[in-house]
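Trainee: for reference, the sequence and a predicted model appear below.
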Amino acid sequence: MPGLTLRQRIDAYERLMRLDKPIGTLLLLWPTMWALWVAAEGQPSLFMVWIFAFGSLLMRSAGVVMNDYADRNFDPHVERTRERPLAAGIVSERESLLLAAGVTLGAFLLILPLHKLVWLLSLVAVFLALTYPLTKRFLAIPQAYLGVAFGFGIPMAFAAQVHTVPPLAWVMLAANIFWAIGYDTCYAMVDRDDDLKIGIKTSAITFGRFDVAAVMFCYAMMLAILAWVGAQAGRGIFFYAGLAAAGGMMLRHYFWIRHRERMPCFRAFMDNNWVGAVIFAGLFADYALRSGRWPVF
């Protein structure tokens, strides 16, 4: 937009891509890292870790830019989003589309050294990331679609490591879908009143008075599925200790969200970063300590 200095324009682009709010990138990154560790049997290369970590950042950035573009007529009416660069008129619609295209291209170039199956899966990943914002118009639980989009790094990680996508990868994706419904329902509970006014569909609205129960059910399903995955992958005490710690954190979320107050619900959403991190820490420790083999970085 006219009148902005270069520094102000860069700052606006950074905020549009949510680089100042890494929670979304982390929620995309953790399940990808779980899958990469399982697929590589605890021995991924530093190169592979770097590709999927940076790719998570780029794809989340592209997704949120398209989310703001899709919601450009809604965000000005929502308290939490009205100051976003596109909603506030700081960044133009054309700029946002060019930025999303550039970031998506960067993510695709990043995976060129990987197996061709990863290339094919990346097309699905891009489609999911760019179309998720539209699902809030017609899906009763768009968070399920988000879970697929945020979890598609799982089959891509397996494809990169073993050049195929085994059934275990799709089961891990199912676990991520339940997790995303859980944590994003906490997030949707923050905006429920505004979303009702503007007509956006969310799981918090769909679940209604059963929203808290639904969150806890999704958490439980996620942990149960990952426990089964751990058994199939031959994991042991350290992995299950990580799951137990994550379960304790999730139980704490119940006491934060049960009164449906905005800030405690948002706190529960943010805390899911640590849930993902604890599960990864358990998985990392289980492969390293039980086998005596550390990743060759």
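Mentor: Structure's in. What do you need? Numbering: from 1, shown residues only.
Trainee: quick one: low-confidence parts of the stretch 51-200 of the chain?
Mentor: Counting by pLDDT under 70, the stretch 51-200 of the chain shows no low-confidence range.
Trainee: can you show me the helices along it?
Mentor: Counting by DSSP state H, counting those that start in this stretch, the stretch 51-200 of the chain has helices at residues 93-110, 116-135, 142-151, 153-162, 167-190, 192-198.
Trainee: give me the residues contacting whatever helix or strand comes next after the last one.
Mentor: Downstream of helix 192-198, the first helix or strand assigned by DSSP states H and E is helix 203-207. Residues from elsewhere that reach helix 203-207 (CB atoms under 8 Å, 6 or more residues apart in numbering): 140-144, 181, 184-185, 188-189, 191-192, 195-196, 211, 213-214. The way it works is simple: take the backbone N, C-alpha and C, and place the C-beta from them, glycine included.
Trainee: could you do stretch 4-11 as well?
Mentor: With contact meaning CB under 8 Å, 6+ apart, stretch 4-11 is reached by 12, 90.
Trainee: mind checking how far that stretch is from the chain centre?
Mentor: Offset of stretch 4-11 from its chain centre (CA atoms, centre = their mean, to the nearest Å): 28 Å.
Trainee: mind listing what's buried along that stretch?
Mentor: residue 11 (16 or more other CB atoms under 10 Å).
Trainee: repeat that for stretch 81-92.
Mentor: Within stretch 81-92, the residues scored as buried using 16+ other CB under 10 Å are 81, 84-87, 90-91.
Trainee: what pLDDT, on average, does whichever strand or helix holds residue 278 get?
Mentor: Assigned by DSSP H and E, residue 278 belongs to helix 262-291. Summarised as a single mean, pLDDT over helix 262-291 is 95.
Trainee: helices or strands up against that helix?
Mentor: helix 23-39, helix 167-190, helix 237-257 (3 or more CB pairs under 8 Å, 6 or more residues apart in numbering; DSSP states H and E).
Trainee: hmm, back to that, could I get the buried residues of stretch 81-92 as TSV with distance to residue 238?
Mentor: Formatted as TSV, these follow (distance: CB to CB, whole Å):
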residue	distance to residue 238
81	40
84	41
85	43
86	44
87	45
90	47
91	45
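Trainee: quick one: which of the residues you listed sit in strands?
Mentor: Nothing among the buried residues of stretch 81-92 maps onto strands, per DSSP state E.
Trainee: all good on my end, thank you.
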